[in-house]
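> This is the structure alone, sequence omitted:
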């Protein structure tokens, strides 16, 4: 629970009362490797704080191929935000790539606190803004950088992840084939 408090404080300091009310909504849970937090087609009701572990957000193309849209590493929030906000079925599944320790809260109960605790709403806005900036940066990188540069940026952003998950998940996140990633990695070790 301390890591959740720290995460809140890093994005926007909360008053002690707000912190107590917000953290009281979260219950500890474990998300085992390969288990899902949410599946495509489900309507999201919960968000979770990822205290430890790695979770991927992915969708399936028409041909069944999976594409990793996002990788979450602790500390972070997980949940299908479009589904939470709009009440529509999730388009992206979220699956643990490692065992994960999470703290789960009912999204509606969390957002109801905004009226009484404006500092919590400010936290949520600042956190959403940070996610927007990350998403935009990722989209620009996918469109403008070659695979080797994207891999370099991945290693900077997720230094601990590479040894914990299969390479094909990294390749999918980079938008390349596993064999292309192997060639890039070989080049790096040779030079």
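Thanks, I have it. Since this is a predicted model, take the numbers as computed values, not measurements.
> Could you say which helix or strand holds the residue nearest the centre of the chain?
Geometric centre of the chain, nearest residue: residue 72, 3.1 Å, by CA atoms, centre = their mean. Per DSSP states H and E, residue 72 falls inside strand 66-73.
> Quick one: mean pLDDT over that strand.
The average pLDDT within strand 66-73 is 92.
> picking that back up, in three-state terms, label the nearest residue to the residue nearest to the centre of the chain once chain neighbours are set aside for me.
Nearest residue to residue 72, sequence neighbours excluded (CB to CB, 6 or more residues apart in numbering): residue 55, at 4.4 Å. (Glycine included, C-beta is placed from N, CA and C.) Of the three states, residue 55 takes strand under DSSP: H, G, I helix; E, B strand; the rest coil.
> Tell me what residue 55 is bridged to.
Listed beta-bridge partners, residue 55: residue 72, residue 96 (assigned using DSSP bridges).
> That one and residue 92 touch, don't they?
No - Residue 55 lies out of contact with residue 92 (CB atoms under 8 Å); the separation is 11.2 Å.
> Pick out whichever of those two has more residues nearby.
With neighbours defined as other CB atoms under 10 Å, residue 55 and residue 92 compare such that residue 55 has more, 24 against 20.
> give the contact list for the more buried one.
31, 37, 71, 72, 78, 94, 95, 96, 97, 100 (CB atoms under 8 Å, 6 or more residues apart in numbering).
> per-residue pLDDT, it?
97.
> Check the one 5 residues further on too.
We have a pLDDT of 91 for residue 60.
> How many residues are close by it?
Neighbours of residue 60 (other CB under 10 Å): 12.
> isn't it right up against residue 66?
Yes - in this structure residue 60 lies within contact range of residue 66 using CB under 8 Å: 5.5 Å.
> Next, the buried residues of the host helix or strand of residue 186.
Element membership of residue 186, judged by DSSP H and E, is helix 178-190. Going by neighbour count (16 or more other CB atoms under 10 Å), the buried part of helix 178-190 is 181, 184.
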